[in-house]
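Visitor: Please find the sequence and the predicted model below.
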Amino acid sequence: MDIQLSFPGGKRVDAQVGKFTVQSDQPAELGGADSAITPYDMFLASIATCAGIFALGFCQARNLSTEGLAIVQHHELNATTHLVERIRIEVKLPADFPERYRAAILRAVEGCKVKKTIAAPPTFEVALAGEAAK
C-alpha cells in the first residue's frame, strides 16, 4: 500500500492511507497551528495503539472483560539527541483478570507489529520520483 501526502497549508502534512486521511501539524512554537498531532508523536502513538490492539484482541478472543484494562507507554529521551532511547509499555489489568492469563497477555502485547518492525528496522531509501535511490 502506498501512502500519499498532501500539504494543505501552514506546517500541515496530511497522509492518505487507504480511505483514511491522517492529519499532522506542528506546535505553534514551531510555526504550526497546533491543529493535529506531530508526526513524531504519531509514530510513538502507533506503538501504544498497536500494543492496545493486541491486548484487546487477546481479551476478546477469550471473552475477558476489558473494563479496567489500560496501557500506558513511557518514553525516556536521550539528553543529547532528544530521541527516544527506551520505551516501557505498562499493561494495567482489571482487578478480576484471571491469574492464568497474566503472562500470556504480556506475550500477546509483545507481538505488536509496530514494535517488531522497529526491532528489525526496514531499509530506507529516499529518491526523486522516477529515479532510483542512491
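Guide: All right, it came through fine.

Visitor: List the buried residues in the longest helix anywhere in the chain.
Guide: Counting by DSSP state H, the longest helix found in the chain is helix 39-61. If you call a residue buried by 16 or more other CB atoms under 10 Å, then helix 39-61 has these buried ones: 44, 46, 47, 48, 50, 51, 52, 54, 55, 58, 59. (C-beta placed from N, C-alpha, C; glycine too.)

Visitor: For the last one, which non-adjacent residue is closest in space?
Guide: Okay, so that is residue 59. Nearest residue to residue 59, sequence neighbours excluded (CB to CB, 6 or more residues apart in numbering): residue 66, at 5.0 Å.

Visitor: Domains in the protein, by residue range?
Guide: With domains defined by automatic domain parsing, the chain comprises 1-36, 38-121.

Visitor: So, low pLDDT: which residues of the protein?
Guide: 133-134 (pLDDT under 70).

Visitor: Contacts only, for the spatially most central residue of it.
Guide: Nearest residue to the geometric centre of the chain (CA atoms, centre = their mean): residue 46, 1.1 Å. Shown in contact with residue 46 (CB atoms under 8 Å, 6 or more residues apart in numbering): residue 114.

Visitor: Can you tell me how far it is from residue 118?
Guide: From residue 46 over to residue 118 the distance is 10 Å, taken as CB to CB, to the nearest Å.

Visitor: and which of the buried residues of helix 39-61 is nearest to residue 80?
Guide: Using CB to CB, residue 44 is the member of the buried residues of helix 39-61 that sits closest to residue 80, with 18.9 Å.

Visitor: and residue 81, how far is that from residue 37?
Guide: Counting by CB to CB - residue 81 and residue 37 are separated by 21 Å.

Visitor: ok, the two, which is more surrounded?
Guide: Higher neighbour count among residue 81 and residue 37: residue 37, with 15 against 8, using other CB atoms under 10 Å.

Visitor: Just to be sure, the more buried one is in a strand?
Guide: No - per DSSP: H, G, I helix; E, B strand; the rest coil, residue 37 lies outside any strand segment and is coil.

Visitor: Many thanks, I have nothing further to ask.
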